[in-house]
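K.L.:
Sequence plus the predicted model coming up.
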Amino acid sequence: MKNLLKKSFSVILFSVLGIATISAQDTAQQINLLTKNDPSQYKKPYVILISADGFRADFTEKYEASFLQTISKKGVRAKFMQPSYPSVTFPNHYTIVTGLYPSHHGLVDNTYIDVATGKQYSMGNKKMVSEGKWYGGTPLWVLAEQQKMISASFFWVASEADIQGIKPTYHYIYNEQTTIGKRIQTVKDWLSLPEERRPHLITLYFPDVDHDAHTYGPEDPRVKKSVQFVDSSINALQKALAPLNLPINYVFVSDHGMTTVDVDNTIGLPSSVDKNDFNVPWGDALLHLYAKDTSKIESTYQALKQDNRFTTYKLDETPDYWHYKKSDDWHNRLGDLILVPKSIHQVFNLGTRKPTPGKHGFDNKEVEMRASFMAWGPAFKKGLLIEGFENVHVYPLVANILGLKVDEQKIDGKFEVLSATLKK
């Protein structure tokens, strides 16, 4: 801890909250000075949960991610990991760390309306992103801290929010200025702390592949460069941590895949949707229509059904495997009507600019939406290739490795799905 504080430009201590903020910029490390590992946690294993946003299941081979190809043969690899619906960033990252489908944890889309309050949540609103009221369930770091095990996060959806009164002991507000070298060094610093202050759960996030695949399309050579950047960075991380001789388990995931869309033939807001009657948040692979006047739902639904460019659903009509029905809507945040393009290569465009050529958010069973899963370390079997599985099952797997107690009656994930990946 002393070494971490010495590296700061300035240290602001909030004695009441027990929080230290290193420097006064968005790149600051936030530290809770009051938490400690219970001595019973000292000898528990370590898990570093790594996400590469948009790292489609086939990108490892397609773009020659040599380290991941090699290391996955020394651990466990799934043919793919199925994202939850909708296959977008915020809902799926939060699903991975809660074991709940989006309709159950409350982040039903990157942008949506909370019907009870009428407020619109947006992943781009920094203030909202940091408010715990938007997030249901118990994230892994909250679970750990509740059981007196310290956690740390170098970016993950909701990790900077106060959820159930808890944040990770060490965390950063999301920024894209912190270099990978700094991130790796920080993780090493965390794992070099005394046992009472050393995190056993660490989350680490890479935005690079998603950024480039959106901007240029998933077939562009620049996506290969970003895939190989992530690959080499994870290699550098495990090399940097190896001298610590700690029982570190690495779990590498992504949130969704990516596909190429037709940027010239998009779908505008259907003429049968009157904005005087419906609120329509931004969307491309999915539109939520929230009725201001419920008497307008049926007539609008019937009119929309005549348009063959997209499928219109009432909430009792959505596919069961989406877990996106009215009965699933625990937080009352789904639209009254759901619109989905009939082609995975076509999107809605509610603005005036062309969309980016790379998109996701489509049906979670589409091959191009498939995410990645690999895991290696002392807890995992070696050389095991498994079939695809839903991402809700990562949560109980990580909790089991860390020896954390989980009430499986309160989550959608089941430990038995991935239990065979672990050594006995």
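P.N.:
Thanks, I have the structure now. Numbers count the residues shown, from 1 in each chain.
K.L.:
what about the host helix or strand of Tyr395, average pLDDT?
P.N.:
Using DSSP states H and E, Tyr395 sits in helix 394-402. For helix 394-402, mean pLDDT rounds to 98.
K.L.:
what helices or strands is that helix leaning on?
P.N.:
Counting contacts by 3 or more CB pairs under 8 Å, 6 or more residues apart in numbering; DSSP states H and E, helix 394-402 packs against strand 46-52, helix 89-98, helix 140-146, strand 248-253. Where C-beta positions appear, they are placed from N, C-alpha and C, glycine not excepted.
K.L.:
and the angle from that helix to strand 248-253?
P.N.:
Counting by axes from the mean of the first three to the mean of the last three CA atoms, to 10 degrees, helix 394-402 lies at 180 degrees to strand 248-253.
K.L.:
contact partners of helix 394-402?
P.N.:
44-45, 47, 49, 81, 96-99, 140, 143-144, 149, 200-201, 249, 251, 253, 373, 379, 405-406, 408, 411, 413-415, 418-419, 421-422 (CB atoms under 8 Å, 6 or more residues apart in numbering).
K.L.:
my guess is Arg56 contacts Val367, does it?
P.N.:
No. Using CB atoms under 8 Å, Arg56 makes no contact with Val367, being 9.3 Å away.
K.L.:
More neighbours: which of these two?
P.N.:
Taking neighbours as other CB atoms under 10 Å, Arg56 and Val367 compare with Arg56 leading, 27 against 12.
K.L.:
Could you look up the SS state of Val340?
P.N.:
Assigned by DSSP: H, G, I helix; E, B strand; the rest coil, the conformation of Val340 is strand.
K.L.:
Now do the same contact list for it.
P.N.:
Contacts of Val340 (CB under 8 Å, 6+ apart): Ala285, Leu286, Leu287, Phe310, Thr311, Tyr313, Phe362, Asp363.
K.L.:
The last one in helix, strand or coil?
P.N.:
Taken by three-state DSSP, the conformation at Asp363 corresponds to coil.
K.L.:
burial count for it?
P.N.:
17.
K.L.:
Quick check, pLDDT for it.
P.N.:
With respect to pLDDT, Asp363 has a value of 98.
K.L.:
residues in contact with it?
P.N.:
So Asp363 contacts Tyr85, Ser87, Pro319, Trp322, Val340, Ile344, Met369 (CB under 8 Å, 6+ apart).
K.L.:
For the stretch 201-350 of the chain, which segments are assigned as helices?
P.N.:
208-216, 221-241, 297-304 (DSSP state H, counting those that start in this stretch).
K.L.:
Just the endpoints, please. Distance across stretch 328-342?
P.N.:
23 Å (CA to CA, to the nearest Å).
K.L.:
Show me where this protein dips below the pLDDT cut-off.
P.N.:
1-25 (pLDDT under 70).
K.L.:
where's Leu404 relative to Asn332, distance?
P.N.:
30 Å (CB to CB, to the nearest Å).
K.L.:
Go ahead and flag the most central residue of the protein.
P.N.:
His93 (1.3 Å; CA atoms, centre = their mean).
K.L.:
hang on, isn't that one packed against Phe155?
P.N.:
No. Look at His93 against Phe155 with CB under 8 Å: they stay out of range, at 9.7 Å.
K.L.:
so what sits against both of those two?
P.N.:
Tyr205.
K.L.:
Count the residues that sit near Gly165.
P.N.:
9.
K.L.:
That should have said Glu298, apologies.
P.N.:
So Glu298, with other CB under 10 Å, has 11 neighbours.
K.L.:
Now for it: which residues touch it?
P.N.:
Per CB under 8 Å, 6+ apart, neighbours of Glu298: none.
K.L.:
With Leu315 instead?
P.N.:
Contacts of Leu315 by CB under 8 Å, 6+ apart are Tyr324, Lys325, Lys326, Asp329, Leu334, Asp336, Ile338.
K.L.:
The closest residue to the fourth one other than its chain neighbours: what's it in contact with?
P.N.:
Distance criterion CB to CB, 6 or more residues apart in numbering; nearest residue to Asp329, sequence neighbours excluded, is Ser103 at 5.4 Å. The contact partners of Ser103, by CB under 8 Å, 6+ apart, come to His323, Tyr324, Lys325, Asp328, Asp329, Trp330, His331, Arg333, Leu334.
K.L.:
quick one: the fifth one and Leu49, what's the gap?
P.N.:
Read that as Asp329. 28 Å.
K.L.:
And those two? Which one has more around it.
P.N.:
Leu49 (23 against 18).
K.L.:
Give me whichever of the helices and strands packed on helix 394-402 is most buried.
P.N.:
helix 89-98 (a mean of 27; mean count of other CB atoms under 10 Å).
K.L.:
one step back: how about the helices of the stretch 201-350 of the chain, which one is nearest Ser66?
P.N.:
helix 221-241 (6.6 Å; CB to CB).
K.L.:
How far off centre is that closest one?
P.N.:
The chain centroid and the centroid of helix 221-241 are separated by 19 Å under CA atoms, centre = their mean, to the nearest Å.
K.L.:
Kindly report the same for stretch 263-278.
P.N.:
29 Å.
K.L.:
For that stretch, buried residues please.
P.N.:
Val263, Thr266, Ile267, Pro270, Val273, Asp277, Phe278 (16 or more other CB atoms under 10 Å).
K.L.:
hmm, back to that, and Leu404 and Asn332? Which one has more around it.
P.N.:
Set side by side, Leu404 and Asn332 show more neighbours around Leu404, with 19 against 13, by other CB under 10 Å.
K.L.:
in the sheet, who's paired with Tyr46?
P.N.:
On the basis of DSSP bridges, Tyr46 is bridged to Ile248.
K.L.:
Spit out the contact partners of it.
P.N.:
With CB under 8 Å, 6+ apart, Tyr46 has these contacts: Leu191, Pro199, His200, Leu201, Ile202, Leu246, Pro247, Ile248, Asn249.
K.L.:
Okay, domains of the chain per the record?
P.N.:
1-34, 46-113+122-261+366-421, 278-359 (automatic domain parsing).
K.L.:
wait, which of those is closest to Ser40?
P.N.:
Of all the domains of the chain, domain 46-113+122-261+366-421 comes closest under CB to CB, at 7.9 Å.
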